[in-house]
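>>> Provided below for reference: sequence and predicted model.
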There are 2 protein chains.
Amino acid sequence: MASTIAKNGARTTAQDIDVKALFLGDKAENAAAFKQFLNQLVDDHIGWRQNYLPADHPAISQNDQDSPAFISTNERIASVLAEVSQRMRSGSIPWNSAGRYWGQMNSETLMPSILAYSFAMLWNSNNVALESSMATSQMEAEIAEDFAKLFGFSDGWGHLSADGSIANLEGIWYARCIKSIPLAIKEVRPDLVQDKSDWDLLNLSVEQILDLVERLSNGDANDLDRVKAASSRSGRNLAKLGKWIVPETKHYSWLKAADIVGIGLDQLVSVPVKHNYRMDVAALESTVRQLAASKTPILGVVTVVGTTEEGAVDEVDKIVALREELKAEGVYFYIHCDAAHGGYARSLFIDEDGEFCPSYEQLKPMHDRHNVFSYDVTIAEDVYNGFKGISDVESVTIDPHKMGYVPYSAGGIAIKHKGMRNVISYFAPYVFEKGVQAPDLLGAFILEGSKAGATAAGVWTAHQILPLNVTGYGKLVGTTIEAAHRFRDFLTGLSFAIGNRVVRAYPLNMPDFNMVDWVFKADDMTSLAEVNRLNEQMYDYASYLDGPVYSNRFITSHTSFARDDYGDSVLPFLKQLGFDTAEWEKTGSLTLLRAAIMTPYMNDDDLFNLYSSQIANAMKRKLAEALAAAD
Amino acid sequence: MASTIAKNGARTTAQDIDVKALFLGDKAENAAAFKQFLNQLVDDHIGWRQNYLPADHPAISQNDQDSPAFISTNERIASVLAEVSQRMRSGSIPWNSAGRYWGQMNSETLMPSILAYSFAMLWNSNNVALESSMATSQMEAEIAEDFAKLFGFSDGWGHLSADGSIANLEGIWYARCIKSIPLAIKEVRPDLVQDKSDWDLLNLSVEQILDLVERLSNGDANDLDRVKAASSRSGRNLAKLGKWIVPETKHYSWLKAADIVGIGLDQLVSVPVKHNYRMDVAALESTVRQLAASKTPILGVVTVVGTTEEGAVDEVDKIVALREELKAEGVYFYIHCDAAHGGYARSLFIDEDGEFCPSYEQLKPMHDRHNVFSYDVTIAEDVYNGFKGISDVESVTIDPHKMGYVPYSAGGIAIKHKGMRNVISYFAPYVFEKGVQAPDLLGAFILEGSKAGATAAGVWTAHQILPLNVTGYGKLVGTTIEAAHRFRDFLTGLSFAIGNRVVRAYPLNMPDFNMVDWVFKADDMTSLAEVNRLNEQMYDYASYLDGPVYSNRFITSHTSFARDDYGDSVLPFLKQLGFDTAEWEKTGSLTLLRAAIMTPYMNDDDLFNLYSSQIANAMKRKLAEALAAAD
């Protein structure tokens, strides 16, 4: 096994990627390679310290190391680390399991990313400023290019963020700042917009606004600063910017983001989702038209690629098309795509040359060519179109710590136009020199300040090993979509005879991505409340709530659809369960079990069959207990 | 050397801490211990994976590992990691140097924290929710207690955040949300505040507001939700909340925070700093009184403990006393303490029983008892009082990745009253169950979402090894204050004869903390612009701008005081340089070299003398070059 670090080794082509070599392994099968890499990297670092100005006197002598205080401190370190080990081993979830864990959006992460992170941490660079992070800032700049390419932003940019919530917050901040610029120009340089009404100004496109900003930058240097000072950062005009439209199933991060950024929850407008949990674009259109008719501006629309509860992929292309149509009518809104979950999956549609697969018809042949699926998986045409449409939105949240398989915390954001940064930027005296044209003065261009360079090292390493196309991440993400299809097929028709009762599994709609929700129901159950109780109980038995997860033979997560958030989108599914509208109105919520599937190992017939029969056994035992508990 | 992990070892007492055992070492002197710990921890993890349901079939077989695709993927990993190693070694700063690096707020970080982080990362827990992080969420809850104790918040709480900018943003968000509650109550439950004018409502104390919230919680369950919906999260009333007061030297994170949170830069009011760079409390008082006289409310005041440019410690006690005085007059403002830099230094004032040193007179004896300083260091009485005063503010930013010596990214915030959380909280369906009383549903109570459990493991480990009192962090932070005093004394009177010119070092005021700023000036220089150029040039030669930092024999950072930000606070220092007010008005800025000192090794006479003579040589060579370049 070639696990030493090739000093000047040519990089093998991506065609050869074997997903099984990328992880430490469900049973730590690749432990030897991991340790060898790790120790070599640590030795590289140690050598670097030892060789730094070798004539300098070391601060720690052998005498120091032999002193009682030193020895006792070392013992203290040993004792604390022993407790860390005990706590981690007794309080962690076996996400590494190949086929027992069907719960939250977690799995083991990429071995090379863990290694790069651990290694880079020894230098502890801070990507807030180039001065503190020459190597890792450069890596983050390359990641920015990767993100821009992934989403088809030819003039785009991006960066890593603490997490998806912060990236979403940055997205709405971008929207707020940019859409506030025209009113600020009207105040500072009215000559530039004299033919425009306020309504016109609030409906300029982002491109038109950036053109105005560009013109300001090329004129009197102070004008742009004055316009920025009069923009939403002043605290004025926030309420004038209009409504922020989110799907009715709104993720709580959007509530927080609208709150924090001062737009406010009163300005949130929600649009229903369809029975497939995608935003209802027809409903969006009528909402927007109603608002426009009453001259209420629309700040922006959030579209979701990979909802956290159902893995649904919005028809981004249709939302973009709607915007084009409305633009001609003088109505314009910013679009932020929340692809925290699904962003990396766009790799599935990008060929080895970085081009988005030109037609839906060519998608399956491309996947066949790269052996993406070993099971009958069909990516729906509207999912293809949805992913394609992302290239026309202004900003996208993408979390490497989700489908990027990189350790926490690594969120990310990409923007369509580099120029958008100039609208939000700030400068700090000690880290930036205004005017210096370096792409890496990150602290000036992002919502956060200090940030670990090690995160960039972890993500950069992942991107180098797994290109963001069908040969790299496409293949890895593909294994999880395949697993979702296998898992849903396994649940379909799954039933258990328990005593004299029969319990059946009812999977939710065919997933757009890699998430499967389902409900267990005993045939004799006549109320939704009863069904909810069974599934809540099942979750209790299949989670940390049931004692040590380490010995639990089937682990899952759960979710709850409330009528307030889901409206009637659930009715077709409830009908399958045998419930009508009245029962839905009475109970008002539906509890489902939920598998956000990230295991990369469930694309093998034998292994899947082995594990699925094992977890079926575990399910049966838990169901028996749950039914008994209810009696 | 006892570097194995004691399986059930009793923890040695903190009295025995030897700072030299806590780090990998400037020359990697503790490399053997580091590697032994690391490999043992990795083996602990590997064993855990191997022992998870041992009868389960492994997903990766020997056959897989022998396949050409697997081997080539492994080679690819090796090649990428080799590039990571090359990039890190050629693009990193030797912060580990015992005495060459006198620049940014960086040093090597605590070896046990690095180890705990690397180890915990293998499990990749997410502290957003207990379900995904039983072990590390518990650690973060204990860190919260540590923070609360450190600041004397008997009913306090806290958590880790991505960085100090985010913690500051959370601080102003807390202020905005809490101060908006009374107006919301007036709208929803006017009976509760019927005797109060709007002015009264905008000047209720945080305690009074929390009492009202408490009364609401105990009444109709919906009332609190309705009040929250009518609070600033609605987007309304933001402008009514009044001014946000910051020191004139305002850190750029405060501009960003006021912008993002919708309060706006128009609402920022800055208060001058004194010649010691602390906020001028008399000026603050007159600002507040003027605002109050015109019935302009004051949302809050930011006080800084450890400014990023000068290490100045505000007289927090006096700001708190001013608030008490004004409260009696019906004027109240929230106080956020930005102790991102200085927070951990409060440990210096806390005895082994967790009590804040009761009087200034007892401080020196306490430090002597614990051998904190080995040099003549006097902590000024107003610095003691400033740190003491923190227990009366509402929220504090404290960054473990600064003086906590923990790897990036680890910011933090502490709040005085746990109840403050209820004002900002949200719930997400899949991670929280509203009503469940668990302290660890972090995502509901913080600004962010997903967050690395490994960060908590790193910080928890540090806190276990170094208690937040004089025996632990106090001692470590003490070494850096001592180094600052030594370094300033070294600069005082330092002069170089270069050709026929004499260049002298002029250190800024006696530091409150561990930062030393200074200026080089040739005796024959008659303009401030000329002096600025010399110091800018010196920075170029003593930073990454001069090629490989690895071979640079003296490394520093720099800062610039602009007249807009510093007003006339710099005049006494300029007078020392021989410049008058006219020269200051003409040039408008002052460039200084700046050492934010974190090296823990410069508390030894011999070592300090050795390094200081070496860096004096390096300075002389650079000065000669800089003077030549200017000619």
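Alright, I've got the coordinates.
>>> How about the contacts made by A:Ser543?
A:Gly103, A:Val549, A:Asn552, A:Ile555, A:Thr556, A:Ser557, A:His558, B:Glu131 (Cβ atoms under 8 Å, 6 or more residues apart in numbering or on different chains). Every residue, glycine included, has its C-beta placed from N, CA and C.
>>> Close to chain B: what parts of the stretch 251-400 of chain A are there?
Within the stretch 251-400 of chain A, the residues that sit near chain B (Cβ under 8 Å from any Cβ of the partner chain) are A:251-253, A:255-256, A:258-267, A:308-309, A:399.
>>> and with 6 Å instead?
For the stretch 251-400 of chain A, the contact set with chain B under Cβ under 6 Å from any Cβ of the partner chain comprises A:Tyr252, A:Ser253, A:Leu255, A:Lys256, A:Asp259, A:Ile260, A:Gly262, A:Ile263, A:Gly264, A:Leu265, A:Asp266, A:Gln267.
>>> The stretch 101-250 of chain A now?
Proximity of the stretch 101-250 of chain A to chain B, by Cβ under 6 Å from any Cβ, involves residues A:104, A:109, A:112, A:114, A:116, A:118, A:120-121, A:123-124, A:126, A:131-132, A:134-135, A:162-163, A:165-166, A:173, A:233-235, A:238.
>>> Of the residues you listed, which belong to strands?
With DSSP state E as the criterion, strands contain none of those.
>>> Can you tell me which of those residues are buried?
A:104, A:109, A:112, A:114, A:116, A:118, A:120-121, A:123-124, A:126, A:131-132, A:134-135, A:162-163, A:165-166, A:173, A:233-235, A:238 (16 or more other Cβ atoms under 10 Å in any protein chain shown).
>>> what about A:Met619, distance to A:Asn552?
Going from A:Met619 to A:Asn552 by Cβ to Cβ, to the nearest Å gives 12 Å.
>>> So what's the residue count around the residue in the stretch 451-600 of chain A that chain B sits nearest to?
The nearest approach of the stretch 451-600 of chain A to chain B comes at A:Ala452, 3.6 Å away (Cβ to the nearest Cβ). The number of residues packed around A:Ala452, counting by other Cβ atoms under 10 Å in any protein chain shown, is 30.
>>> A:Ala497 falls within a helix, correct?
No. Assigned with DSSP: H, G, I helix; E, B strand; the rest coil, A:Ala497 falls outside any helix and is strand.
>>> returning to that earlier point: which of the contacts of A:Ser543 sits closest to A:Gly472?
A:Gly103 (26.0 Å; Cβ to Cβ).
>>> With adjacent residues omitted, what lies nearest to that closest one?
A:Ser557 (3.9 Å; Cβ to Cβ, 6 or more residues apart in numbering or on different chains).
>>> Would you enumerate the residues in contact with the one you found?
By Cβ atoms under 6 Å, 6 or more residues apart in numbering or on different chains, the contact set of A:Ser557 is A:Gly103, A:Gln104, A:Arg594.
>>> Spell out which residues of the stretch 401-550 of chain A are next to chain B.
Contact residues, the stretch 401-550 of chain A versus chain B (Cβ under 6 Å from any Cβ): A:407-409, A:426, A:428-430, A:448-452, A:457, A:461, A:464-465, A:544.
>>> start to end distance for stretch A:276-287?
With Cα to Cα, to the nearest Å applied, stretch A:276-287 spans 20 Å between its terminal residues.
>>> Contacts for it, please.
The contact list for stretch A:276-287 (Cβ under 6 Å, 6+ apart) reads A:247, A:271-274, A:307, A:310, A:312, A:314-315, A:318, A:322, A:509.
>>> at 8 Å what do you get?
Defining contact as Cβ under 8 Å, 6+ apart, one finds that stretch A:276-287 is touched by A:245, A:247, A:249, A:269, A:271-274, A:301, A:303-304, A:307, A:309-310, A:312-315, A:318-319, A:322, A:386, A:509, A:512, A:569.
>>> hang on, the earlier thing: can I get the contacts of A:Ser557 in TSV including pLDDT?
Output for these, formatted as TSV (pLDDT from 0 to 100):
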residue	pLDDT
A:Gly103	95
A:Gln104	94
A:Arg594	97
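>>> Restricted to helices, list the residues you listed.
Counting by DSSP state H, no part of these is found in helices.
>>> ok, those vs B:Gly342, which is closest?
Here the nearest of the contacts of A:Ser557 to B:Gly342, counting by Cβ to Cβ, is A:Gln104; it sits at 37.9 Å.
>>> What does the closest one show for phi and psi?
When read as degrees, to the nearest 10, the backbone of A:Gln104 gives phi -70, psi 170.
>>> now swap in A:Gly478 and tell me
Main-chain torsions, A:Gly478, degrees, to the nearest 10: phi -60, psi -40.
>>> Quick check: it touching A:Leu348?
Yes. Assessed by Cβ atoms under 8 Å, A:Gly478 is found in contact with A:Leu348 at 6.2 Å.
>>> Please, where are all the strands along chain A?
Under the criterion DSSP E, chain A contains strands at A:101-102, A:157-161, A:243-247, A:268-271, A:298-304, A:334-338, A:395-397, A:411-415, A:495-498, A:501-507, A:515-522, A:555-562, A:589-596.
>>> Let me have those in TSV, adding distance to A:Gln50 as columns.
Listed next are these as TSV, based on distance: least, Cβ to Cβ, whole Å:
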stretch	distance to A:Gln50
strand A:101-102	42
strand A:157-161	31
strand A:243-247	55
strand A:268-271	57
strand A:298-304	51
strand A:334-338	47
strand A:395-397	43
strand A:411-415	36
strand A:495-498	63
strand A:501-507	58
strand A:515-522	49
strand A:555-562	46
strand A:589-596	45
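>>> Much appreciated, bye for now.
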